[in-house]
Each structure stands twice: as structure tokens, then as C-alpha cells.
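Chemist: Got a sequence here, can you model it:
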Amino acid sequence: MWVSSGALHARRLFAGTVWSWANAIKWTGYTILALLIGIIVWLYFLDWNTMRGPVSRYVSHRLGREVRINGDLRVHLFSWTPNMSAAGVTIANPDWVKEPLAGNIGRFAASVRLMPLFRGKTILPSVEFDQPDILVVRNANGDVNWDLGTSDRGMKIPPIHHFIVRDGHLKIDDRVRKLTFVGNVSSQETAGGGDQAFQLTGDGALNGNKFLADVHGGALIHVEEDKPYHFTADIHSGSTHVTADGALRRPFHLGEFTATATFSGASMADLYYLTGLVFPTTAPYRMSGTVTREGSNYHLANLTGVVGASDLHGDMVVDAAQTPPFVRATFSSRKLDFVDLGPLIGAAPVHRAEGAPPAQLAPGQTSHLLPDMPLQIERIRHMNADIQYDAASIKSQNFPLRDMHLHAVLNQGVMTLNPITFDFTRGKLTGSFRLDARKDVAIDDIDARLSNVRLEQFVSGNPPAVEGLLAARAKLHAIGNSVRKAAATASGGVTFVVPSGAMRKAFAELTGIDVLNGLGLLLTNDKSSTGLRCAVAQFDAHDGTLTTRQLTLDTDDVLVQGQGTVNLKDETLDMSITGHPKAFRIGRIRAPITISGTIDHPSVGVKAGAALGQGGIAAALGFLNPFAAILAFVDPGLAKDANCAALTQTAARGKAPVKAPKQALKH
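Modeler: You can find the predicted model right below:
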């Protein structure tokens, strides 16, 4: 077969081209192989200390801040578990932090399993830190010097089979939570230790209180990623003690765990430094429940325990993904001891923690009826919440209380309690309270109402000294970070109305003062009553002083009127009450009764000037005729019935309006 010269030339050209490509690929392969061999030989004999600069720059770029390796850098690549170590590692702080270093690590070492790494899975046989010195700072704006993009859903780290921290030091300065911690951290593993093989410990001072933490778990080398990892924790911070016994659902995923926990201490408010959650100041407490974390959500279920002498049960959910965190909770008590509510408004707890010394007044501090302890209102800005609380029964020595309900809402630094309801045996106290903590000094608004309250619940005797329905209201605006400071600035009004009732006749007569009749009734233990046609007391509040606008008590026998002030700044009284008989009286001293002294220890007396003036008239008449002296103590009894309808209508107006129950109006 004859082949043309053109075809032969094409064949030769094609064969040459194939040979050229094959030759090129062969030599390229030789070149790459030689290059790889060269790199391997270079890496094998490389002095890694010469790479400290490039490695530091790479890590600095990834972290967004300067990282330096000041000591030896050692890397062993040719192993099934490559490892590296670096000494004298420093991590710089952002510019806004005064201290230059966020971390200063004496030595860091880690190893990685090679074969799983090729499959995209990281397993670290060992991670070690020697003498790490770590500083964590958060400024008032919420900026954190270690903000490395970690999620509030919890840290997820590669499996670590051997984790050691030797002689670690930790300092935390959190300006948002006003938290400081200085202490030591270390971890170790004990061979054959079983469930207690791994131990992480910490000690130091948290806001000046002694802090201890002890966390135990099984040996990390036996951890399987698809099986829960059991742990126990025991934490002490001052008088606060927290224990936990639980499991990480997926080991090395700290965002998912379940634990049975107990909490105890002198006040639940102290949990703020450990949890970041705002709890009220309480009496000594002990609580237990189940804590579950699923990413950014925490669920505290089946909470049960005691606060002071009151039982407490509840359920709470925390959403940490929101800013600030949001809490939804429901609490209840089968029996609430009323005195346990005192610490919520700054009063000293009646039930002290075991071994705690009695509360002592600070130098120069005096005892007051109104609590003067500063309330930590700034914490309200750090949590939003919706909380319901119910007490099925209330133990109280001073008030005939039956039950209680409260709904509290915290929203961006404003706390609203609406409603607050106390049910008496007969009657109800309900109201609302708003505290604006968005500024350094709180602004308070209170609107409290008493309705259909029977007065005889509050007095002893058979029959009681006073009877009738009481309606009252206090509507006040104040500024201050304690109950006493707020009261000292209160403005608004307070109103009391008793539309009808009865009272001990002897007390009514003494307001006269009807010496013969009133004292006679008291000395003979006379318990007869006189009709109480109505009673109205109205006070205007301004800058902590309550001044009477109207003070009238009208009985069938005596019309009683008064005036004066109640000073909440120094908790003193300056009141005078005068009784006007409605019938002829002999032996009446025309002198107002005075009420002075402090609110908690009032002093009742007679206005001396008026009594002396009446005595002087009697002496002058007696000089003319001894029998005429008695005329000075005779009262013709010209007082008229008060216009109760008009008085109660007046009470329905003003700064704290109150409407009297219609069914109680008789006159």
C-alpha cells in the first residue's frame, strides 16, 4: 500500500508531538518530585526558630492582633501525630486596653492525628499550656479584648485526649457587670482515676470574695464523640455555693449539656457574678433543679427550695442570643413568710445564713424605719425579663394577708411591676410600680390602692376598737437608689377614706379632750361604740414631706379634725388633732392632741399652750367665784355633723383620688 509523502509527514509530526508532551510531563514530574523531596529535606533539617517571624505574622493576621513567639519554636512533622511547641508566646491587647498583653504563655504545645486530618476531621492527642497568664477585659461599652468571634451558642472545640494547664493565671476585669477576678487555673489527669481522672481547678478572689472551683470528669482519652461525657462541678464564691452533676451531650461541645444543680448562699443577688443573670436581694436560700443548655438557650426546670422561711418553686428559660439576655420565668410559693420580702426593698434579712454574724450598722449609720441599703439598679440594664410569681398563702404577724400575685417585666433598663396584688382576709391591696434605671439614679413611680379592707382585721379587742371599710391610695413619684432616698424626694398624694363604721366611744371622747367622760369610760373598761359617720385623710406630698390637705373623722358624738406633716426625710411626725363635741360636756380640756416623734416610735401628748391658756381662764374665774372656775371646762357641744358626702367626693379628686364604696355610704 502506497502512502503519500504528506501523510507520512503528518505521522512523523504527530509522533514527535506525542513524544514531546510525554517527555515534558515526565520531566515536570521529575521536577515536582525533586521539589517535594527538596521541601521535605528542607523541612526535616529546618531550624524552625528561623520561621518564628512568618508564623507570628500569619497568626497575627488570623487573630487581628500582634502575636509574637519569643522563645523556641519546635515542629515535628514526620510522624503519624505531628506536634509543635512554642515558648514565650505573647498576644497583644487592642489599643483601647491599657495593659499591653492579653496573653503571655510560657509554653504552648499541641499534637494532631494525621490520618483523620486527611478526612477533614481534627483530633488533638494532647494540648498543653505552661504558665499561661491571661487577661480578659470588657469595657463599659461591651467591647471585649478576647472577642474572637465566638458564638453565644457555646464553644465547640476539637476532641482533645490529653489537656494540661500548669500554673495558669487569670485576671478578669468586666466593667459591664462590675466584676473582677484574680486567680489561678490548672488541670491535670490522674491515671486510673475513673470518673475523676480529669480535674480542672481554680482559686482566687471574685469581687474580693474567696473563690474556689473544682471540676471533675473521666479520662479524656476514653471520650467518644457520640457518647455523653459525665462531669461534676463544685464552686464556692463567698457565701455562694453551686454544685452540678451532669453530662455534655456531645463531648467538646460546651453548648449542649444537662446537669442537676444546687444553689445556696446568703442572697440570690450574689448569683449575678457567676451567671450574669439579675436576681433580687433575698434572705438566705437553697435551691435545686435541672439545668439544660441547648446552644444559646438555658432551661432551669423543676426548681425547688427555700428562701428564708418560704418555699419556692419554679421554671426559668434564658435566651442568651438576645442583647441583653431575655428571661421568662414562673415562680410560686405554697407558703410565703412576709418578712422574707424585706430584703427585696433593702431591709436586712430576718433569717440569716448559718454561721453568719448579725447585721451591723456601718460607722455613722443610724437605724431607720425605711430601708437605706442602696439597690443595685444598674443590673436591671443587663437583662430583659418577664416573670410571674404567686404565693398561695402568707404568714404575717402584723397583717392579715391571704395570698399574693406579682408580674414583673424588665425591658431595656426599665422594671415594671404590674400588678402587685396582696389579698387580705377581707379586702385587697393592688398597685403598680415602675423603676427607670436607665440613668445612674433611679426614677420611681408608685400607684397603690387599698379597696374594701375591713379595719377590724388590724385591731384587737371584742368588739374591736374601730370598724369599717377602708379605701386608700398612694400615688407618688420619686428619685433615689434606695427606699429611704426615694421617700425623701417623693411627690404626689396619699388619701384614706372610711365611708362609715364604728369606733370605741372612749377614744372619740378623748380627742376632745373630755377628761371626765373619756377617762371614765377607759377606767371602767367601757367598750361601747359610737357611730363613725365618715373619715377622710388627704395628704399632698412634696419633696419628701406629706402635708395634710384634709383630715376629718366624724363620729356620732365628736367631730375630729387635724393638721400637720409627715417628714419622710427624717421620718418624723408633727400632727395635731382636735375633737369638737356635738353635745354638752363638762370637764373638757380644749387642747389639741399632738403626735410627734418618729414614725416608728410616735409620741402622743397634749398641746401645752392651749391647756395652760384654758387653765389661766379657770384661775381667773376662780378668783371671782370658786364655782365659776368650772365654766372654763364647759363645752356647749355646738359641733355639727360633717358633710360626709362632700368629703368623700373631695377624696375622689386630688393627687391620689379614691372612690368610697357606694354600699358603705350611709350619710
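
Chemist: So which residues of the chain form helices?
Modeler: With DSSP state H, the ranges of helices along the chain come out as 5-45, 52-63, 114-118, 272-275, 483-487, 505-510, 515-523, 608-624, 644-651.

Chemist: who touches the third one?
Modeler: With CB atoms under 8 Å, 6 or more residues apart in numbering as the test, helix 114-118 has contacts from 79, 80, 81, 82, 122, 123. The C-beta positions use only the backbone N, C-alpha and C, and glycine is treated the same way.

Chemist: dump the residue contacts of the fourth one.
Modeler: Applying CB under 8 Å, 6+ apart, we find residue 82 in contact with 75, 76, 111, 112, 114.

Chemist: Buried members of those residues into PyMOL, please.
Modeler: Buried subset of the contacts of residue 82, written as a PyMOL selection, criterion 16 or more other CB atoms under 10 Å:
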select buried, resi 111+112
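
Chemist: Filter the contacts of residue 82 down to just the ones in strands.
Modeler: Cross-referencing those against strands under DSSP state E gives 75, 76, 111.

Chemist: Isn't the second one up against residue 84?
Modeler: Yes - contact criterion CB atoms under 8 Å: residue 76 and residue 84 qualify, at 7.3 Å.

Chemist: re the thing from before, and the contacts of helix 114-118, which two are the farthest apart?
Modeler: By the measure CB to CB, 79 and 122 form the most distant pair in the contacts of helix 114-118, at 16.0 Å.

Chemist: Distance to residue 216 and pLDDT added to the ones in strands among the contacts of residue 82, as TSV?
Modeler: Below are the ones in strands among the contacts of residue 82 laid out as TSV (distance: CB to CB, whole Å; pLDDT from 0 to 100):
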residue	distance to residue 216	pLDDT
75	34	86
76	32	86
111	24	92
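
Chemist: coming back round to it: by neighbours, which of the contacts of helix 114-118 wins?
Modeler: residue 123 (17 neighbours; other CB atoms under 10 Å).

Chemist: quick one: contacts for it?
Modeler: Contact analysis of residue 123 by CB under 8 Å, 6+ apart lists 112, 113, 116, 117, 158, 159, 161.

Chemist: What subset of the residues you listed is buried?
Modeler: The neighbour-count test (16+ other CB under 10 Å) marks 112, 113, 159, 161 as buried among the contacts of residue 123.

Chemist: between the residues you listed, which is nearest residue 249?
Modeler: Proximity of the buried ones among the contacts of residue 123 to residue 249, judged by CB to CB, is greatest for residue 159, which lies at 14.5 Å.

Chemist: Find me the pLDDT at that closest one, would you?
Modeler: Note on residue 159: pLDDT of 84.

Chemist: Phi, psi for it please.
Modeler: phi -60, psi 130 (degrees, to the nearest 10).

Chemist: contacting residues around it?
Modeler: 122, 123, 124, 223, 225, 251, 252.

Chemist: From residue 216, how far out is it?
Modeler: With the distance defined as CB to CB, to the nearest Å, residue 159 ends up 19 Å from residue 216.

Chemist: same question, residue 192
Modeler: Taking CB to CB, one finds residue 192 at 14 Å from residue 216.

Chemist: Would you mind telling me which of those two has more residues around it?
Modeler: Neighbours were counted for residue 192 and for residue 216 using other CB under 10 Å; residue 216 has more, 20 against 6.

Chemist: Dig out what the more buried one forms beta bridges with.
Modeler: Residue 216 has the following beta-bridge partners by DSSP bridges: residue 199, residue 232.

Chemist: for residue 203, same thing?
Modeler: residue 184, residue 212.

Chemist: And for residue 59, the neighbour number?
Modeler: Other residues near residue 59 number 17, with proximity taken as other CB under 10 Å.

Chemist: In terms of distance to residue 658, which of the contacts of residue 82 ranks first?
Modeler: Once CB to CB is applied, the member of the contacts of residue 82 that ends up nearest residue 658 is residue 112, at 76.5 Å.

Chemist: I'd guessed that closest one sits against residue 126; true?
Modeler: No - Residue 112 is not in contact with residue 126 according to CB under 8 Å; the separation is 9.4 Å.

Chemist: list residues touching both of those two?
Modeler: Counting by CB under 8 Å, 6+ apart, the shared contacts of residue 112 and residue 126 are residue 83.
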